[in-house]
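Novice: need coordinates for the following:
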Amino acid sequence: MFELYNLLNILLNGYMLILLAYCIFSFLFSFGVVNPNSNIIRGIYMFLSQMCDPVLNAIRQILPSLGAIDISPVVVFLAIDFIIRPLLRYMLLGY
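Specialist: You can find the predicted model right below:
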């Protein structure tokens, strides 16, 4: 079970990195730092968007609107660290 826990933990870390990259790309787009017309940049952003938007959209439906501020990535980061990881550790390792 320890190997399964490690695998799931690595997958969670990977998803958190993808989510962080998505947040950074959206900041760079909104401040005009990168050119959204570049094919490489657009392809990377579309991949990140396809990976993150289903989870973030579900969170956005639950959270109240704060105008231009989107805190759904923060909610996902906190949920992974304080709910999902301890739950996996308890279910798979017993402590």
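Novice: quick one, phi/psi of residue 74?
Specialist: Taking degrees, to the nearest 10, you get phi -60, psi -40 for the backbone angles of residue 74.
Novice: any idea how far apart the tips of stretch 26-37 sit?
Specialist: 14 Å (Cα to Cα, to the nearest Å).
Novice: quick one: residues contacting residue 51.
Specialist: Contact analysis of residue 51 by Cβ atoms under 8 Å, 6 or more residues apart in numbering lists 15, 18, 22. No exception for glycine: its C-beta is placed from N, CA and C like everyone else's.
Novice: check what pLDDT it gets.
Specialist: You'll see residue 51 listed with a pLDDT of 97.
Novice: likewise for the one 4 residues further on?
Specialist: At residue 55, the pLDDT value in this model is 97.
Novice: list the buried residues in stretch 45-53.
Specialist: 45, 48, 51-52 (16 or more other Cβ atoms under 10 Å).
Novice: follow-up on the earlier one: could you point out which of the contacts of residue 51 is nearest to residue 35?
Specialist: Closest approach to residue 35 among these (Cβ to Cβ): residue 22, at 17.8 Å.
Novice: switch the buried residues of stretch 45-53 over to a markdown table; also include distance to residue 66 and secondary structure.
Specialist: Output for the buried residues of stretch 45-53, formatted as a markdown table (distance: Cβ to Cβ, whole Å; DSSP: H, G, I helix; E, B strand; the rest coil):
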| residue | distance to residue 66 | secondary structure |
| --- | --- | --- |
| 45 | 23 | helix |
| 48 | 22 | helix |
| 51 | 23 | helix |
| 52 | 19 | helix |
